[in-house]
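# Sequence first, then the predicted structure, then my questions.
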Amino acid sequence: MPSVESFTVAYDAVNEFMTFSEGDTITGTVTLALSKETSVQSLFIKAKGDANVRWSHRSGGHTYTYSAHTRYFKLKEFLIPESASETVLPQGIHVYRFSFQIPPGSMPSFFRGTHGKIVYKLEAKLLRSWKMNSTAEKEIKFVSKCVPNLHSLMSPQVGSTNKKMGFFSKGHVHMDVTVDRIGYAAGISGHQLCF
């Protein structure tokens with residue numbers, strides 16, 4: 001019978017959408033349920049943000065594959081510190097609190113696509129001698145506060161179109177449209193890069 005019955009990560013919501021942004025603090029718990037007394041080398045949790053892309057194309061008789069990785073941040077907190085002697089935990093449920101502050105800066109929102117993904121997550125790891133490491137993960141919905149190249153979104157836009165119409169009768173429709181900028185968002189002025 002395995003000594004680790006369950007190993008989970010949970011975080012506290014900071015808003016109704018369960019999203020986080022630059023500078024927010026993520027708090028939560030790591031819960032470890034043990035069926036018997038267990039010796040532990042260490043227990044830690046990481047908060048990290050990574051982008052990975054991968055795509056291929058054929059040219060002639062060859063396939064070329066490209067990939068790239070970017071790390072936005074990686075934070076680590078020990079819940080049971082590493083030491084020369086192991087920590088013995090009794091049977092039962094053990095709950096550990098954690099807290100991370102997401103670093104400030106311009107980072108993209110979470111994303112999953114055909115050729116890549118931007119993932120922010122919490123990852124807890126339990127290390128024991130002569131045993132496989134136990135891992136628990138929980139994705140974070142990260143929504144960036146920053147809008148890249150905001151000044152280009154503030155330029156006026158003009159467009160026009162002509163359309164032939166006809167079903168029961170025929171005619172032409174002409175439309176001219178002018179807007180004072182490309183992008184709109186609540187609370188953004190033309191001088192702000194982040195909201």
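Here it is on my side, so go on.
# what bits of this protein have low per-residue confidence?
The model of the chain has pLDDT under 70 over residues 1, 147-154, 167, 182-195.
# again, 50 this time
Along the chain, the parts satisfying pLDDT under 50 run over 186-193, 195.
# which stretches of this structure form helices?
Ranges of helices within the chain are 150-153, based on DSSP state H.
# For it, just list every one of the strands.
Secondary structure of the chain (DSSP state E): strands at 4-11, 19-20, 25-34, 38-40, 42-59, 62-80, 87-89, 92-101, 111-112, 116-127, 134-142, 157-166, 170-179.
# Dump those to JSON lines, plus mean neighbour count.
Just so you know, the C-beta spots here come from the backbone N, C-alpha and C atoms, and that holds for glycine as well. As requested, the strands of the chain are exported to JSON lines (neighbours: other C-beta atoms under 10 Å):
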{"stretch": "strand 4-11", "mean neighbour count": "15"}
{"stretch": "strand 19-20", "mean neighbour count": "18"}
{"stretch": "strand 25-34", "mean neighbour count": "18"}
{"stretch": "strand 38-40", "mean neighbour count": "19"}
{"stretch": "strand 42-59", "mean neighbour count": "16"}
{"stretch": "strand 62-80", "mean neighbour count": "12"}
{"stretch": "strand 87-89", "mean neighbour count": "14"}
{"stretch": "strand 92-101", "mean neighbour count": "14"}
{"stretch": "strand 111-112", "mean neighbour count": "10"}
{"stretch": "strand 116-127", "mean neighbour count": "19"}
{"stretch": "strand 134-142", "mean neighbour count": "16"}
{"stretch": "strand 157-166", "mean neighbour count": "9"}
{"stretch": "strand 170-179", "mean neighbour count": "9"}
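# tell me the domain boundaries of this protein?
What automatic domain parsing lists as the domains of the chain is 4-142, 148-195.
# and the most centrally placed residue in the chain, what does it touch?
Geometric centre of the chain, nearest residue: Tyr120, 2.7 Å, by C-alpha atoms, centre = their mean. Going by C-beta atoms under 8 Å, 6 or more residues apart in numbering, Tyr120 touches Phe20, Ala47, Lys48, Gly49, Asp50, Tyr72, Phe110, Glu139, Ile140, Lys141, Phe142.
# Check the gap between the first one and Ser106 for me.
In this structure, Phe20 lies at 15 Å from Ser106, with C-beta to C-beta, to the nearest Å as the measure.
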